[in-house]
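Asker: sequence first, then the predicted structure:
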Amino acid sequence: DAKTTQPNSMESNEEEPVHLPCNHSTISGTDYIHWYRQLPSQGPEYVIHGLTSNVNNRMASLAIAEDRKSSTLILHRATLRDAAVYYCILSEIDTGNQFYFGTGTSLTVIP
Amino acid sequence: GAGVSQSPSNKVTEKGKDVELRCDPISGHTALYWYRQSLGQGLEFLIYFQGNSAPDKSGLPSDRFSAERTGGSVSTLTIQRTQQEDSAVYLCASSRHRGGTDTQYFGPGTRLTVL
């Protein structure tokens, strides 16, 4: 699986939008882009995933660059409960069950 | 419904002892994964089970680590002759099917401390 690069940490003010970037310059055409987050002392939880088109769900939006070499997770209004480590992961469509987690981005939300 | 459960939640053991960690996946999920997370690090893939197929053991760090999955449900991760570097949180996840689009549901983890 291709590797991803994320900033180690980011800060956001409460109730403001947050854009969490991820670079995946070696992505292949069959790689899906996943985002998971891990709250303190918990296992990771699914946030969103996509292939080529931008995706929206109740938690977040995923913006995928046209060349697919980068993506951005967008939290529209950060809350204190969004403070977590956010992981950007690539997996192949058919065989990609091995999620390779990097160190992720630690998001701090400032009240 | 019930999520992925793991037991024990915490395990303290002495160097050289064997430990067993248990994972109960979500009912009906055919895929099961084990990961390890050392302090301040991301998750490290260990092993993957899919239905009745042979498991993917490519992530196991040494032959002291082994895992089995009985009846396509409960899984046990065994670490023999534990070392201090084995101290970590061991996370289990399950997903409904195989495939790169399937969501993995994680358990709360077992924190292993080797003294």
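Answerer: Now that the structure is in, tell me what you want to look at. Residues are numbered from 1 along each chain as shown, chains lettered A, B, ... in the order given.

Asker: A:Ile74 versus B:Ala93, what's the distance?
Answerer: 25 Å (Cβ to Cβ, to the nearest Å). From N, CA and C alone the C-beta is placed, and that goes for glycine too.

Asker: those two: which is more packed in?
Answerer: Ranked by neighbour count (other Cβ atoms under 10 Å in any protein chain shown), B:Ala93 and A:Ile74 place B:Ala93 first, with 26 against 15.

Asker: okay, the more buried one: pLDDT?
Answerer: Predicted confidence (pLDDT) for B:Ala93: 94.

Asker: where's it relative to A:Ala60, distance?
Answerer: In this view, B:Ala93 and A:Ala60 are 20 Å apart by Cβ to Cβ.

Asker: same question for B:Gly42.
Answerer: Counting by Cβ to Cβ - B:Gly42 and A:Ala60 are separated by 20 Å.

Asker: and for B:Ser73, the neighbour number?
Answerer: For B:Ser73, the neighbour count with other Cβ under 10 Å is 16.

Asker: for it, what is the enclosing helix or strand?
Answerer: Secondary structure assignment for B:Ser73, by DSSP states H and E: no helix or strand.

Asker: B:Trp34 now?
Answerer: Using DSSP H and E, B:Trp34 sits within strand B:31-37.

Asker: list of residues touching whichever helix or strand comes after that strand?
Answerer: Going down the chain from strand B:31-37, the next helix or strand is strand B:43-50, by DSSP H and E. Outside of strand B:43-50, the residues that reach it under the criterion Cβ atoms under 8 Å, 6 or more residues apart in numbering or on different chains are A:44, A:87, A:97-101, B:30-38, B:55-61, B:65, B:67, B:69, B:75, B:77, B:90-91, B:98.

Asker: who are the packing partners of the next helix or strand after strand B:43-50?
Answerer: Toward the C-terminus, strand B:43-50 is succeeded by strand B:65-69 as the next helix or strand (DSSP H and E). For strand B:65-69, the helices and strands in contact under the criterion 3 or more Cβ pairs under 8 Å, 6 or more residues apart in numbering or on different chains; DSSP states H and E are strand B:43-50, strand B:75-79.

Asker: mind redoing it with 10 Å?
Answerer: For strand B:65-69, the packing partners by 3 or more Cβ pairs under 10 Å, 6 or more residues apart in numbering or on different chains; DSSP states H and E come out as strand B:19-24, strand B:31-37, strand B:43-50, strand B:75-79.

Asker: just want the angle from that strand to strand B:19-24.
Answerer: Counting by axes from the mean of the first three to the mean of the last three Cα atoms, to 10 degrees, strand B:65-69 lies at 30 degrees to strand B:19-24.

Asker: mind listing what strand B:65-69 pairs with, with the direction of each?
Answerer: Paired strands of strand B:65-69, with direction, are strand B:75-79 (antiparallel) (DSSP bridges).

Asker: give me every residue that touches B:Arg81.
Answerer: B:Lys15, B:Gly16, B:Lys17, B:Asp18, B:Ser62, B:Arg64 (Cβ atoms under 10 Å, 6 or more residues apart in numbering or on different chains).

Asker: how about a cut-off of 6 Å?
Answerer: For B:Arg81, the contacting residues are B:Gly16, B:Arg64, by Cβ atoms under 6 Å, 6 or more residues apart in numbering or on different chains.

Asker: no further questions, thank you.
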